[in-house]
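**Student:** pasting a predicted model and its sequence here:
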Amino acid sequence: MYQSTFSQLPKITLDYLEHGAPEGQRDDSAYKAAQQFCWNKISIDEAMDAIVSRAMADGLSQAQAEKCVRQGYASKPGDPIGHGTRYSNRPQPRRTPKFKKIETEPEELPAYIEDGDRILMETAFARGEYICIGDTFENEEGEITPTRAKTFTREDFLEWLAEKPINRHWTTKDGLFVRINPMRQMNDEEPGKKLPLDTYVTSFRHALIEADKGSKESQLGALRKIGLPITAIIDTAGKSIHGWVRIDASTREEYRKRVALLHEFCRESLGLEVDPKNTNPSRYSRMPNGNRRRANSRRRRKAYHRPTATTRGQRSRKTMERVGRGSSSDGSGCRGRENFHGRRVVKLRPGKRSEEPNW
């Protein structure tokens, strides 16, 4: 147990101070720890001393860690958890997984598509829709951060690509990004009156699936068995690949529920530790054929999967609607159809473990 004078803090916070947080949860853990310090009436200076050192040991920069603490102290006051509560050492019952484990195999990365940026725009977005593309800037802490971005019609963007490559339109060397869903035009925003980006989304079409753990080959093998149409698979030129998975939600709330279900399936069934931050519909993905500086080398993000018309048909909406209430003639809770890889895919019902699909 973390040795300190913070005896009023809950056990989960003390455990964080002692053991830290895993990759993908470091910012959130530091933020929640700061909330508990604040709600238990501990000064922000003491919180800075305790939390910043812990977060930096986990891999966050000092600026990131201090930002988490300040945000935790600025959050809405709540009730401290665990204050005055005795914790039991008795083991807690394990929750039964909703989904049965599916074995996945690493898959060799295919040759990338030279004109992946054009094909992505033609396939992921419909005629007349606005796409949102952004480059990067260096913030006050010296960190490379994506811009809020600009919107363009799909047709205008394709015309520009026909004139010259995308990395000559955007010459940034620190990353180029595209939002995974179509947006309303946002170039005329008034300074100081910017709305949350999710309010600009016009179609809740894609969810972004990304995992920073495991090889890219293992990630690709898991994505291939996700059981839903995938519009694109993009190499980030880093340690992961991005999958644009079709979920076709009709509302923001339905999108939230479907993404949560999809993430749970990826973790429990495929063993894919998806990034928990990739839950909102205006999420950025890496743009194919843009430049990304890494150490002393220059890399380009690559598009691996060439989408087909199947990924844009109405059947994909019906597919996602079956998630949560699948049915089959054998009563197994599985329902399949042919996807664009020519293999049978499975829709899974929450609350009931599916049978192993018959490939």
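**Tutor:** Happy to help now that I have it.
**Student:** the lengthiest strand in the chain pairs with which strands?
**Tutor:** When the chain is parsed with DSSP state E, its longest strand is strand 241-249. Paired neighbours of strand 241-249 in the sheet (DSSP bridges): strand 204-210 (antiparallel), strand 230-235 (antiparallel).
**Student:** let's have these in a markdown table, adding distance to Ile241.
**Tutor:** All C-beta spots, glycine's among them, are computed from the backbone N, C-alpha and C. Formatted as a markdown table, those follow (distance: least, Cβ to Cβ, whole Å):
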| stretch | distance to Ile241 |
| --- | --- |
| strand 204-210 | 7 |
| strand 230-235 | 6 |
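**Student:** tell me which of those sits nearest to Glu254.
**Tutor:** strand 204-210 (7.2 Å; Cβ to Cβ).
**Student:** could I have the first helix or strand past that closest one going along the chain exported to PDB, CA atoms only?
**Tutor:** Later in the chain than strand 204-210, the nearest helix or strand by DSSP states H and E is helix 216-223. Extracted in PDB, the C-alpha atoms of helix 216-223 (Å, rounded to 0.1, in the frame of the first residue of the first chain):
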ATOM      1  CA  LYS A 216       0.400  -5.000 -36.600                       C
ATOM      2  CA  GLU A 217       0.000  -8.500 -38.000                       C
ATOM      3  CA  SER A 218      -1.800  -9.600 -34.800                       C
ATOM      4  CA  GLN A 219      -4.000  -6.500 -34.900                       C
ATOM      5  CA  LEU A 220      -4.900  -7.200 -38.600                       C
ATOM      6  CA  GLY A 221      -5.700 -10.800 -37.900                       C
ATOM      7  CA  ALA A 222      -8.100  -9.700 -35.100                       C
ATOM      8  CA  LEU A 223      -9.800  -7.100 -37.300                       C
END
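**Student:** coming back round to it: how far does the longest strand of the chain sit from its chain's centre?
**Tutor:** Offset of strand 241-249 from its chain centre (Cα atoms, centre = their mean, to the nearest Å): 10 Å.
**Student:** please identify the helix or strand for the nearest residue to Ala30 once chain neighbours are set aside.
**Tutor:** Leaving aside its chain neighbours, Ala30 sits nearest to Cys68 (3.9 Å; criterion: Cβ to Cβ, 6 or more residues apart in numbering). Assigned by DSSP H and E, Cys68 belongs to helix 62-74.
**Student:** show me what that helix is packed against.
**Tutor:** helix 26-39, helix 44-47, helix 53-58 (3 or more Cβ pairs under 8 Å, 6 or more residues apart in numbering; DSSP states H and E).
**Student:** which residues of this protein score low on pLDDT?
**Tutor:** Across the chain, the ranges flagged by pLDDT under 70 are 1-5, 78-97, 187-193, 292-359.
**Student:** next, give phi and psi for Tyr130.
**Tutor:** The phi/psi pair for Tyr130 (degrees, to the nearest 10) reads phi -100, psi 140.
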